[in-house]
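In: Dropping the sequence and predicted coords here.
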There are 2 protein chains.
Amino acid sequence: MSLETDKLKKFITEQDKIALTVDCVVFGYDEHDKELKILLIKNEVPQFLGMWSLLGDLMKIDETIEDAANRILEYRTGLKDVYLEEVQSFSHPKRHPLGRVITIAYYALIKISDYELNVEKLDLEAKWFNINEIEEMAFDHKNILEVCHKRLQERLKERPVGFSLLPKKFTLQQIQNLYETVLQTELDKRNFRRKLKNLGLLKELEEIETEVAHRPARLYTFDYDKYTEMERKGRRFSL
Amino acid sequence: MSLETDKLKKFITEQDKIALTVDCVVFGYDEHDKELKILLIKNEVPQFLGMWSLLGDLMKIDETIEDAANRILEYRTGLKDVYLEEVQSFSHPKRHPLGRVITIAYYALIKISDYELNVEKLDLEAKWFNINEIEEMAFDHKNILEVCHKRLQERLKERPVGFSLLPKKFTLQQIQNLYETVLQTELDKRNFRRKLKNLGLLKELEEIETEVAHRPARLYTFDYDKYTEMERKGRRFSL
DNA sequence: GTATTTAGTGTTAAAAGTACACATAGCAGG
DNA sequence: CCTGCTATGTGTACTTTTAACACTAAATAC
């Protein structure tokens, strides 16, 4: 049993003590396979040894929950300033075999390419899985995953979260593929592009794709400043 | 200092111990004044003595967070089966003067008339306030209130939560007034009614209003079963 | 029975969404 | 340099939804 597990055990065996943890569902988008993936690590708690689980940790006494989520993400991926959203708590009294552990779930959106740059320095027990490939997970993590997945799908329609899963510069086809993958639908190219243009939130760059064996597509970036302004005025994003 | 406060103090002074509480923003709709109201209680913690605060309590060891929220609501209002939604956690390290207290905020929707039936048996330190009348609150409760208020406004557009604030039988005008009050907008009567009808979720009753000094309006109920069915099929509510 | 008050209803114009197909730019390979 | 290949990029007609707008009808009070 690892140091982490010892610490948790010590923490929660004191009577009436409720341990508070954070768990992150880390989503990444694999452009090549057109798959939504999540990052999991090998579990260390005896009852679930060898199973895969979300990235989580005990809260520290002097940080906010969001700080804790950021700390975990930086520790496991080397990435800072990751898109994070709190989803909900999971508090069934029997959810953790070592005792009373309540967790706050977040989902995180990262650009897989950024992650790849850091991966060598890091914990090798982490692995990307296709979202539909995962059958069993430690604790109630499968449930947490499903709730967070559903939340991501809702958010994608009403907030510009998709751009956090793509490189800074992307083609219109890439966004469409992302939407089709995450929402599990097919979208009409011309209608989708019209909607995108009407948002007025994409900056058309001078650059085009490279290293493709066909006509290269134009590159765009998402204008976060303009979006913030638009949000401030109460106008809603919708795709 | 009350028993509750002693207990909390004891709880959180043990080193490294993070206390976990639940706070509920209890919304009620006053049809007469056309005002959205919230239920507050007098605070007991010395630093905020006499100020008003949300309905909250320490989590117990063997309940879920939702159980705790329901327990608090029943204790303070006498009501069971209240509409509840988890909103988010509040975890700033300095948010509570007695130590490290993290809270999970819920909002609750109740029919004020149901509450009135119970009010005599209960804690007299509770009071309804107009949502815009509240200036100062204990802890970070003003902030929690604002976040929950915003959440309610979002939900009202996309989920049939408004019906939890009205009597079981209501007139079309009553719903419209509720929407106008909560969203702080004016709505077109004919367009609003058309939308309502097209939802197909209202049951027209044989009954009509009584005790009004003019033409009485027809009464309706909301068909929760049909809504559940519609939700299951992936169709979305929108008003 | 007359005045008062709120209930209840339909049409038109503008905007948004949906369905649908082909010419073109750039690369690869001979 | 010419041909074939592949994915890019674009417009129009139709349907549905939203938005704006005003009067008659039903019931009560006096």
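Out: Received, thanks. Small disclaimer: the values here were computed from a predicted structure and weren't measured. Numbering: from 1, shown residues only, chains lettered A, B, ... in the order given.

In: Residue numbers of chain A in contact with DNA strand D?
Out: A:171-173, A:189-191, A:193-194, A:212-218 (Cβ under 7 Å from any atom of the strand). Where C-beta positions appear, they are placed from N, C-alpha and C, glycine not excepted.

In: what's near enough to touch residue A:66?
Out: By Cβ atoms under 8 Å, 6 or more residues apart in numbering or on different chains, the contact set of residue A:66 is A:84, A:86, A:106, B:91.

In: Give me the pLDDT value at the residue of chain A found nearest DNA strand C.
Out: DNA strand C sits closest to residue A:215 of chain A, with a gap of 3.0 Å, by Cβ to the nearest atom of the strand. You'll see residue A:215 listed with a pLDDT of 92.

In: what about it, how many neighbours?
Out: When neighbours are counted by other Cβ atoms under 10 Å in any protein chain shown, residue A:215 registers 7.

In: Surely it is in a helix?
Out: No. Going by DSSP: H, G, I helix; E, B strand; the rest coil, the assignment for residue A:215 is coil, not a helix.

In: Quickly note the distance from it to residue B:18.
Out: Separation of residue A:215 from residue B:18 (Cβ to Cβ, to the nearest Å) stands at 57 Å.

In: on that earlier part again, in a markdown table, list the contacts of residue A:66 along with secondary structure and distance to residue B:51.
Out: Compiled in a markdown table, the contacts of residue A:66 are given as follows (DSSP: H, G, I helix; E, B strand; the rest coil; distance: Cβ to Cβ, whole Å):
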| residue | secondary structure | distance to residue B:51 |
| --- | --- | --- |
| A:84 | strand | 32 |
| A:86 | strand | 27 |
| A:106 | strand | 32 |
| B:91 | coil | 21 |
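
In: now for the longest helix along chain A, which elements pack on it?
Out: Using DSSP state H, we find that the single longest helix of chain A is helix A:141-158. Judged by 3 or more Cβ pairs under 8 Å, 6 or more residues apart in numbering or on different chains; DSSP states H and E, the packing partners of helix A:141-158 are strand A:19-30, strand A:83-90, strand A:101-110, helix A:172-183.

In: Just checking that helix against DNA strand C, any contact.
Out: No. Counting by Cβ under 7 Å from any atom of the strand, no contacts exist between helix A:141-158 and DNA strand C, the nearest distance being 10.6 Å.

In: So which bits of that helix are buried?
Out: Buried positions in helix A:141-158, judged by neighbour count with 16 or more other Cβ atoms under 10 Å in any protein chain shown: A:141-142, A:144-145, A:147-149, A:151-152, A:155-156.

In: where does chain A dip in pLDDT?
Out: A:1-15, A:121-124 (pLDDT under 70).

In: can you rerun that using 90?
Out: A:1-17, A:43-47, A:49-50, A:98-99, A:115-125, A:210-213, A:233-235 (pLDDT under 90).

In: Can you name the residues of chain A sitting close to DNA strand C?
Out: A:188-191, A:194-195, A:212-216, A:238.

In: Out of these, name the two that are farthest from one another.
Out: A:213 and A:238 (35.3 Å; Cβ to Cβ).

In: Could you give the separation of stretch A:116-132 from the chain centroid?
Out: Taking Cα atoms, centre = their mean, to the nearest Å, one finds stretch A:116-132 lying 13 Å from the centre of the chain it belongs to.

In: now swap in stretch A:223-230 and tell me
Out: For stretch A:223-230, the distance to the chain centre is 22 Å (Cα atoms, centre = their mean).

In: Buried by neighbour count: which residues of that stretch qualify?
Out: A:223, A:227, A:230.

In: Identify, from those residues, the entry nearest to residue A:48.
Out: Looking across the buried residues of stretch A:223-230 and measuring by Cβ to Cβ, the closest to residue A:48 is residue A:227, at 40.6 Å.

In: quick one: secondary structure of the closest one?
Out: Per three-state DSSP, residue A:227 ends up helix.

In: Tell me who's in contact with the residue nearest to it when sequence neighbours are not counted.
Out: Leaving aside its chain neighbours, residue A:227 sits nearest to residue A:201 (5.4 Å; criterion: Cβ to Cβ, 6 or more residues apart in numbering or on different chains). Residue A:201 makes contact with A:160, A:222-223, A:226-227, A:230, A:237, according to Cβ under 8 Å, 6+ apart.

In: could I get these as JSON lines with secondary structure?
Out: Formatted as JSON lines, the contacts of residue A:201 follow (three-state DSSP):
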{"residue": "A:160", "secondary structure": "coil"}
{"residue": "A:222", "secondary structure": "strand"}
{"residue": "A:223", "secondary structure": "coil"}
{"residue": "A:226", "secondary structure": "helix"}
{"residue": "A:227", "secondary structure": "helix"}
{"residue": "A:230", "secondary structure": "helix"}
{"residue": "A:237", "secondary structure": "coil"}
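
In: and the closest residue to residue A:136 other than its chain neighbours, how many neighbours?
Out: Of all residues not flanking residue A:136 in the chain, residue A:51 sits nearest, at 6.3 Å (Cβ to Cβ, 6+ apart). By other Cβ under 10 Å, the residues close to residue A:51 number 15.

In: For residue A:20, grab the count of nearby residues.
Out: 23.

In: Which residues are in contact with the closest residue in space to it that isn't next to it in sequence?
Out: Of all residues not flanking residue A:20 in the chain, residue A:59 sits nearest, at 4.6 Å (Cβ to Cβ, 6+ apart). Going by Cβ under 8 Å, 6+ apart, residue A:59 touches A:20-22, A:65, A:68, B:18, B:91, B:102.

In: Show me how chain A divides into domains.
Out: A:3-158, A:166-239 (automatic domain parsing).

In: need those domains in JSON lines with distance to residue B:165, can you?
Out: Listed next are the domains of chain A as JSON lines, based on distance: least, Cβ to Cβ, whole Å:
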{"stretch": "domain A:3-158", "distance to residue B:165": "23"}
{"stretch": "domain A:166-239", "distance to residue B:165": "23"}
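
In: ok, so of the residues of chain A next to DNA strand C, who is nearest residue A:119?
Out: residue A:212 (25.5 Å).

In: For stretch A:48-60, measure first residue to last.
Out: Stretch A:48-60 has its terminal residues 24 Å apart, counting by Cα to Cα, to the nearest Å.

In: List the buried residues of that stretch.
Out: A:48, A:52-59.

In: Also stretch A:109-121?
Out: Across stretch A:109-121, burial judged by 16+ other Cβ under 10 Å covers A:109-112, A:115.

In: for stretch A:71-87, same thing?
Out: A:72-73, A:76-79, A:82, A:84-87.

In: now, among those, which is nearest to DNA strand D?
Out: The nearest member of these to DNA strand D, counting by Cβ to the nearest atom of the strand, is residue A:85 at 26.4 Å.

In: Just give the closest residue to that closest one, not the sequence neighbours.
Out: Closest to residue A:85 by Cβ to Cβ, 6+ apart is residue A:107, at 5.8 Å.
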